[in-house]
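1. predicted model and sequence follow; I will ask about them next.
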Amino acid sequence: MPLTQPDALLAIQASLADTSWADEPLLPMEDSGLAHAHLRLGESGWLLRIPKQSQMGLEPKAHLTYESTCFARAAPSGVTPTMAESLPLCPALPRGALVVKAIEGRSASLPGDLPALMRSLAAIHRLPLPASAECVPLLAPRDPLVSMYREVLDQAQYLADADLEPEAEQGIRHELAQFSASIETPQRPAKRLITFDAHPGNFLIDVDGKAWMVDLEKARYSYPGFDLAHATLYTSTTWDINSHAVLDSDAIVAAYAAWEREMGCTGRDQRHWHLPLRRAMWLWSVTWCAKWQVTSGAPPLSEARGQEWSRQHNSEALNAHVQDRVAHYLSPPVVRRMGEEFQSLVAAFADGSGTATQRSDDLE
């Protein structure tokens, strides 16, 4: 039942009876995400973050625990919303919900806000790495590169059924072979807490110019380079309507350099990993597009559990937007563009010269 329907809102309101927000009116917000719906809790300054599904593929209770832990672990960075309460599963909230601080701010404007985004990501990445036993329940794979490769391969099985142009599929599989080769490198970058969802649409910029990372469902202990890529890839910067921008290679290199300055020597030490992790993050994104293309037409699961991409969870406007983006990112010109971008960044990331040559041609 859509959250905008009166019966749904009344049921959710009843589930808040024993909380500090029992008397607050529920104000539906724009349906802008595939993983969550949001309700403002009146003028309290708080909002309900209600899972539509688990992108992590977890059962509802485990997912709620995972997501609340993401907010708790990132909180010391000072750039993520405060979480006040985790609401348990109930008939009105079959996947539970989180009460989080509503951040008042505007969408990111690129490339101007990239330094602010990089400062905030660095604040998260500088958090101390806990002992292995203390990482749970967040993902903390022994080898995040191999783990990412397996995740990409799992999604890549949908390429054959996604009705791609042969050139696009060949280009994706070529880059996948490059990713496979990078796994053979014995060295690995340092692990840190990362968001794994750092596309610009997930940031809000407050009146002081501070970038708040507001979506933490997929945080894990892995390589910061995945976040840097997600913040600057074409498939990320053109995803959200409100923060849409096409970056040229010089802007991309400048963003990475800003992050390195915030991180100091630990950032510079990861420079030679920028390109391999960027390619890996793009492959994750584009194979997810294939997965959504193939699976989103299915009806919702009979029970609220695990991962599901059914369009029936979303508004028509959101589905139309996602379909447009997915088709665009899977098109031959965009796949070709990404291969050219990777080539243009080789020298810049190798020596830190900060110069590259690819233009910001908009392929819309």
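-> Happy to help now that I have it. Computed from a prediction, not measured in an experiment: that's the story for all the values here.
2. okay, buried residues for the top helix by length along the chain please.
-> Using DSSP state H, we find that the single longest helix of the chain is helix 274-295. Buried residues in helix 274-295, counted by 16 or more other C-beta atoms under 10 Å: 274-294. C-beta coordinates here come from the backbone N, C-alpha and C atoms, glycine included.
3. all strands of this structure, in order?
-> 26-28, 36-41, 46-51, 83-87, 97-101, 106-107, 192-194, 203-205, 211-213, 220-222 (DSSP state E).
4. ok, which of those strands comes nearest residue 267?
-> Closest of those to residue 267 is strand 192-194, at 10.6 Å (criterion: C-beta to C-beta).
5. got the contact list for that closest one?
-> If you take C-beta atoms under 8 Å, 6 or more residues apart in numbering as the criterion, strand 192-194 is touched by 73-74, 124-127, 129, 138, 219-224, 226-227.
6. the same query, at a cut-off of 7 Å, please.
-> Identification of contacts with strand 192-194 by C-beta atoms under 7 Å, 6 or more residues apart in numbering yields 73-74, 124-125, 127, 129, 219-224, 226-227.
7. break down the stretch 201-350 of the chain into its helices, ranges please.
-> 224-232, 234-237, 249-263, 265-268, 274-295, 316-329, 332-351 (DSSP state H, counting those that start in this stretch).
8. could you list every helix and strand in contact with the fifth one?
-> Meaning helix 274-295. Where contact means 3 or more C-beta pairs under 7 Å, 6 or more residues apart in numbering; DSSP states H and E, helix 274-295 is packed against helix 144-156, helix 166-182, helix 224-232, helix 234-237, helix 316-329, helix 332-351.
9. now those as JSON lines including mean neighbour count?
-> Formatted as JSON lines, the helices and strands packed on helix 274-295 follow (neighbours: other C-beta atoms under 10 Å):
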{"stretch": "helix 144-156", "mean neighbour count": "17"}
{"stretch": "helix 166-182", "mean neighbour count": "15"}
{"stretch": "helix 224-232", "mean neighbour count": "28"}
{"stretch": "helix 234-237", "mean neighbour count": "23"}
{"stretch": "helix 316-329", "mean neighbour count": "16"}
{"stretch": "helix 332-351", "mean neighbour count": "17"}
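10. looking at those, which is nearest to residue 81?
-> Of all these, helix 224-232 comes closest under C-beta to C-beta, at 17.4 Å.
11. how much does that closest one deviate in direction from helix 144-156?
-> 50 degrees (axes from the mean of the first three to the mean of the last three C-alpha atoms, to 10 degrees).
12. can you list the helices and strands packed on helix 274-295 in JSON lines and add distance to residue 208 and mean pLDDT?
-> Compiled in JSON lines, those are given as follows (distance: least, C-beta to C-beta, whole Å; pLDDT from 0 to 100):
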{"stretch": "helix 144-156", "distance to residue 208": "33", "mean pLDDT": "98"}
{"stretch": "helix 166-182", "distance to residue 208": "39", "mean pLDDT": "97"}
{"stretch": "helix 224-232", "distance to residue 208": "20", "mean pLDDT": "98"}
{"stretch": "helix 234-237", "distance to residue 208": "23", "mean pLDDT": "98"}
{"stretch": "helix 316-329", "distance to residue 208": "30", "mean pLDDT": "92"}
{"stretch": "helix 332-351", "distance to residue 208": "31", "mean pLDDT": "92"}
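13. those helices: which one's closest to residue 199?
-> helix 234-237 (3.7 Å).
14. circling back: and the contacts of the longest helix of the chain?
-> 148, 151-152, 155-156, 158-159, 161-162, 172, 175-176, 178-179, 182, 223, 225-226, 228-230, 233, 235, 256, 309, 322, 326, 329-330, 338, 342, 345-346, 349.
15. ends of stretch 256-271, how far apart?
-> Its start and end residues considered, stretch 256-271 measures 9 Å (C-alpha to C-alpha, to the nearest Å).
16. buried stuff in it?
-> Within stretch 256-271, the residues scored as buried using 16+ other C-beta under 10 Å are 256-260, 262-263, 267, 270-271.
17. cool, and stretch 19-37?
-> In terms of neighbour count (16+ other C-beta under 10 Å), stretch 19-37 has its buried residues at 21, 24, 26, 31-37.
18. of those, closest to residue 48?
-> Nearest to residue 48 among these, with distances taken as C-beta to C-beta, is residue 26, at 7.4 Å.
19. ok, residue 226 touching residue 198?
-> No - counting by C-beta atoms under 7 Å, residue 226 sits too far from residue 198 to count as a contact (8.1 Å).
20. domain parsing of this structure, as residue ranges.
-> Per automatic domain parsing, the structural domains of the chain span 6-101, 106-351.
21. export those domains as a markdown table, with columns for distance to residue 363.
-> Listed next are the domains of the chain as a markdown table, based on distance: least, C-beta to C-beta, whole Å:
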| stretch | distance to residue 363 |
| --- | --- |
| domain 6-101 | 23 |
| domain 106-351 | 5 |
